[in-house]
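> below is the sequence, then the predicted model.
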Amino acid sequence: MAVLTSAPRGTQDLLPDISGKWRFAEEKLLETAALYGFREIRTPVFEHTELFQRGVGDTTDVVQKEMYTFQDKGGRSVTLRPEGTAGVVRAALQHGLLGGALPLRCCYLIPCFRYEKPQAGRLREFHQFGAEVFGPSSPDADAELIAFCAALFERLGITGLSLHINSIGCPACRRRYHEALRAFLAERADRLCGTCRERMEKNPMRVLDCKSPVCQEAVTGAPVMLDYLCEECAGHFSGLRERLDMLGIAYTVDPKIVRGLDYYTKTVFEFVSGAIGAQGTVLGGGRYDGLVEELGGSPTPALGFAMGIERLVMQMESSGCAFPEDRLYDIYLAGMGGAGRREALRLCGDLRQEGVRAGCDCMDRSVKAQMKYADKTGALYAAVLGESELEAGECTLKSLRGGEARTVRLEGLADTVRTLLDENKN
RNA sequence: GUGGGUAUGGCGCAGUUGGUUAGCGCGCCAGGUUGUGGCCCUGGAGGCCGUGGGUUCGAGUCCCACUAUCCACCCCA
């Protein structure tokens, strides 16, 4: 393998031609977040390994086999963050944020790292937009958070996602449910596939969405988590549904949603796409009322979500979103001869100062080649600066979209172009 | 970690039952207009045919291994 000329497995370069799409999405996300009261928080890319072991959960796949963990030169074990929530909670505790005005709402746009086998929509370095809310225990907060997610998609012009919700209860009702489910499965163990027989003990809920038709068959009529919720959890869940109905947010209750991170309690939800491959979960989140305490804070209810930016952009492409044009130049100045070239360079500075994207040749190319280049880059206008024009203090301004040309004074060129661009916008 | 597909210039592909200098489209560069884009024409640069073995007089073409990549399981965003 060409080590020097190929990126590490599971990583991706964001080339200039598409970085604009990402920036468009990111700006839209942050802007919408502000509307909902979220401000950005930035935490380190790596944290103490223990944070994730405690926060995400020692028994999860993420912690057990997917973390980028290494010793730094001081002998500390640090880990590239595999998700965003743990670091945010840590920062909130470290700086006493939870002692301030609650609810505390913050969001983030970050790279995350998981050592997985790459696949469509799944990379080893991937990017998340996430948001967390600390303080409220009421389902009002759950509904508002989900409404926020829906607004993000709507404002990005994304269609084709469906919302699935579920409640996995609190630790107490989950324990009761697991017992009942294990008992049910034990009676049918002989009809389950090998992996499911193993899963029965460790994580019986996973058996429920085994893809094997045999297991599906054997599992029909299995107890449902929702029937085992304690009074409080059940009330919370029906409260959430009422509010979603009230807000006009469509959803389906999907008892199969089981988050693979230990910290989730009560509400869990996903926005799922059918159009971007097997890794169709664009956004996933839920409540994690026990996490703050688990990490050493005083008990604080909390909830949040994260979405995968790679998957988000895939979905935007598949739903035909209108990305803004990311053009290199508004105007390209083609200079001829020494004087013309120098004048082009000087004028570019003026134009840029006026906020006009301007460019000129620095490759000693012929006027023809300069024009070709201008056209290829998608410039709106080209101006030719030749001897005769310069003598007259003018240049030829040509539209590269229509083709019409006119003669324009060099003096005040920036204003002229600015005006043309503004007219063009409308 | 487990399966399956694929690996030929920057990108997308052809390469017939293994046989002389590996092609095509797009892109790139230059020219066709002593000073001008998009169409067209001409020319040019660019590939040890993923890597390493093997079979053979001879391999891009057959066999094996490795690596990468894609898709799926698993898991998650």
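That came through fine.

> now do the contacts for the residue minimising distance to the centre of chain A.
Relative to the mean C-alpha position of chain A, the nearest C-alpha, by Cα atoms, centre = their mean, is the one of residue A:309, at 3.0 Å. Taking Cβ atoms under 8 Å, 6 or more residues apart in numbering as the criterion, residue A:309 is in contact with A:22, A:25, A:26, A:109, A:126, A:127, A:128, A:129. Backbone N, C-alpha and C define where each C-beta goes, glycine included.

> can you give the strand pairings for whichever strand or helix holds residue A:332, parallel or anti for each?
Using DSSP states H and E, residue A:332 sits in strand A:331-335. In its sheet, strand A:331-335 lies beside strand A:358-360 (parallel), strand A:381-385 (parallel), with partners assigned from DSSP bridges.

> read off the pLDDT value for residue A:194.
At residue A:194 the predicted local distance difference test score is 67.

> the spatially closest residue to residue A:38 that is not a sequence neighbour - how many residues pack around it?
The shortest distance from residue A:38 to any residue that is not its chain neighbour, by Cβ to Cβ, 6 or more residues apart in numbering, is 4.1 Å, and that residue is residue A:107. Residues near residue A:107, counting by other Cβ atoms under 10 Å, number 26.

> same question for residue A:200.
A count of neighbours around residue A:200, defined by other Cβ under 10 Å, yields 19.

> and for residue A:230?
Applying other Cβ under 10 Å, we find 14 residues neighbouring residue A:230.

> one more: residue A:425?
Other residues lying near residue A:425 total 6 when counted by other Cβ under 10 Å.

> list the contacts for it?
The contact partners of residue A:425, taken as Cβ under 8 Å, 6+ apart, number zero.

> is stretch A:98-111 in proximity to RNA strand B?
No. Using Cβ under 7 Å from any atom of the strand, stretch A:98-111 stays clear of RNA strand B, with a minimum separation of 10.3 Å.

> can I get that stretch in PDB, CA atoms only?
The C-alpha coordinates for stretch A:98-111 follow below in PDB (Å, rounded to 0.1, in the frame of the first residue of the first chain):
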ATOM      1  CA  LEU A  98     -24.800  22.600  36.500                       C
ATOM      2  CA  GLY A  99     -24.800  25.000  39.500                       C
ATOM      3  CA  GLY A 100     -25.800  27.800  37.100                       C
ATOM      4  CA  ALA A 101     -29.100  28.500  35.500                       C
ATOM      5  CA  LEU A 102     -30.900  25.400  34.500                       C
ATOM      6  CA  PRO A 103     -31.800  24.000  32.100                       C
ATOM      7  CA  LEU A 104     -28.300  24.200  30.500                       C
ATOM      8  CA  ARG A 105     -28.400  23.600  26.800                       C
ATOM      9  CA  CYS A 106     -25.300  23.200  24.700                       C
ATOM     10  CA  CYS A 107     -24.400  21.700  21.300                       C
ATOM     11  CA  TYR A 108     -21.300  20.700  19.500                       C
ATOM     12  CA  LEU A 109     -19.900  19.800  16.100                       C
ATOM     13  CA  ILE A 110     -17.100  17.400  16.500                       C
ATOM     14  CA  PRO A 111     -15.000  14.600  15.000                       C
END
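
> now do the buried residues in that stretch.
Buried positions in stretch A:98-111, judged by neighbour count with 16 or more other Cβ atoms under 10 Å: A:98, A:103, A:104, A:105, A:106, A:107, A:108, A:109, A:110.

> the stretch 51-200 of chain A: strands as residue ranges?
Counting by DSSP state E, counting those that start in this stretch, residue ranges of the strands within the stretch 51-200 of chain A are A:68-71, A:77-80, A:104-113, A:125-134, A:161-167.

> which strands or helices does the last one pack on?
Applying 3 or more Cβ pairs under 8 Å, 6 or more residues apart in numbering; DSSP states H and E, we find strand A:161-167 packed against helix A:139-156, helix A:231-247, strand A:252-253, strand A:265-273.

> anything in it near RNA strand B?
No. For strand A:161-167 and RNA strand B, the contact criterion (Cβ under 7 Å from any atom of the strand) is not met; the two come no nearer than 10.9 Å.

> neighbouring strands of that strand in the sheet, and parallel or not?
Using DSSP bridges, the strands paired with strand A:161-167 are strand A:252-253 (parallel), strand A:265-273 (antiparallel).

> other residues contacting it?
For strand A:161-167, the external contacting residues (Cβ under 8 Å, 6+ apart) are A:146, A:149-150, A:153, A:225-226, A:229, A:233-234, A:236-237, A:240-241, A:244, A:249-258, A:266-273, A:282-283, A:315.

> equivalent analysis for the third one, please.
For strand A:104-113, the surrounding residues in contact (Cβ under 8 Å, 6+ apart) are A:26, A:29-30, A:33, A:36-43, A:45, A:67-68, A:80-84, A:88, A:92, A:97-98, A:124-135, A:309.

> which is the next helix or strand following the helix or strand bottoming out on mean pLDDT in chain A?
Of the helices and strands making up chain A, the lowest-confidence element is helix A:194-202, at a mean of 69, by mean pLDDT, DSSP states H and E. Secondary structure here is assigned by DSSP H and E; on that basis, the next helix or strand after helix A:194-202 toward the C-terminus is helix A:213-219.

> RNA strand B: which of the strands paired with strand A:331-335 is closest?
Ranking those by their distance to RNA strand B (criterion: Cβ to the nearest atom of the strand) puts strand A:381-385 first, at 4.0 Å.
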